[in-house]
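[1] Below is the sequence, then the predicted model.
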Amino acid sequence: MAITYLKKSPKTSSTDDNKTTGIVQDLLKDIETTKEQGCIDLTKKFDKYDGEIIVSKDKIEKIKKTLDQKTKDDIQFSFERVRKFAEAQLKNYGQDFEVELSDGLYAGQKLVPVNTAGCYIPGGRYAHIASAVMSVTTAKVAGVKNIIACSPPKEGVGAHPTIVYTADLCGADVILNLGGVPAIAAMTNGLFKNPPADIIVGPGNQFVAEAKRILYGKVGIDLFAGPTEIGIIADAKADPEIVAVLIEYLTTAFTLEPGDLIPTGTPEGSAVTTQNWLKPGDKVKVEIEGLGYIENNIIQEPNNTQKS
């Protein structure tokens, strides 16, 4: 049976984004010579932020005192779950061993943590604490000596307070108010009096991904990730606010395109034609506590044809 695509990207995995590559290469070359000041200047240019780069202990303590308890409790829950699993992995998986293959010939395996891990925590639009929890916590449990966390700063604020709190709770030794290419370059080259990272982990936009790709070899990376894609299938009973939040919150961190809503059922009973629901092309606007208003387009038309 032939495959019918609901949506097909004009780009493929082999498509080369020369414009992005050129921008990132120029920025990396500049930071090699301008070092810390280059990161500071680019942060002013791209993020409109001219405050401290290294988050001070006083700032961390202030955030601890002012962050609402509900948020801290949610972060604590996430942190403890990931830490417990990481500790179980460390205890039961990939154990060191040594075996004598023949008389006098020994072979074995020893797991040795890297000295320095750089953890990139996206924060361009929303505070994605999961990236901090999943990267910083696991590095700490593994025994990494130096853990550097970077997250994009906001004008007049710096990195999102929730990200700073999470990174500190999970065990980051240094937190930098840096995002994008400057962050990846700073961790790779050991800027701001930090040791060079042995590995850089964490997701980001196309510029972060391209910087990691270019610098791979000089520094280890987790993977070269593409944009996030998501599709939501909803019927007439779906809660429009939940659908809107899923589309927006799960896609806008890393992708350049809005998420798709694919309604089901007959046109009369379809979610998009139900009163007070979403129609094709509608602009959705939802208020999320702590994040303000978000909005995006719902772009898929109702379609009753069975797809395979």
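    Yes, it's here.
[2] got a list of what Asn146 touches?
    Neighbouring residues of Asn146 by C-beta atoms under 8 Å, 6 or more residues apart in numbering: Asn115, Thr116, Ala117, Asp173, Val174, Asn194, Pro195. (Each C-beta comes from the backbone N, C-alpha and C, glycine too.)
[3] Check those and tell me the two furthest apart.
    Asn115 and Val174 (13.6 Å; C-beta to C-beta).
[4] quick check: domain ranges of this protein?
    When the chain is parsed with automatic domain parsing, its domains come out as 19-87+113-221, 231-297.
[5] first vs last residue of the first one, how far apart are they?
    The separation between the terminal residues of domain 19-87+113-221, taken as C-alpha to C-alpha, to the nearest Å, is 22 Å.
[6] and what of stretch 115-129?
    Stretch 115-129 end-to-end distance (C-alpha to C-alpha) = 24 Å.
[7] So which residues of this structure form helices?
    For the chain, the helices defined by DSSP state H occupy 18-47, 57-66, 69-92, 129-142, 161-170, 180-189, 206-215, 240-251.
[8] and those helices, which one's lowest on average pLDDT?
    Ranked by mean pLDDT, the helices of the chain bottom out at helix 240-251, with a mean of 68.
[9] Contact partners for Asn92?
    Contacts of Asn92 by C-beta under 8 Å, 6+ apart: none found.
[10] Please enumerate residues in contact with stretch 126-141?
    75, 78-79, 82-83, 86-87, 90, 113, 117, 119-122, 147, 149, 151, 160, 162-163, 166-167, 170-172, 201-203, 249, 252-253, 291.
[11] returning to what we had before: going through the contacts of Asn146, which ones are buried?
    Thr116, Ala117, Asp173, Val174, Asn194 (16 or more other C-beta atoms under 10 Å).
[12] Spatially central, which residue of this protein would that be?
    Pro203 (3.8 Å; C-alpha atoms, centre = their mean).
[13] What distance do you get for that one to Lys154?
    Distance of Pro203 to Lys154, given as C-beta to C-beta, to the nearest Å: 19 Å.
[14] Over to Ile75?
    For Ile75 relative to Lys154 (C-beta to C-beta), the value is 19 Å.
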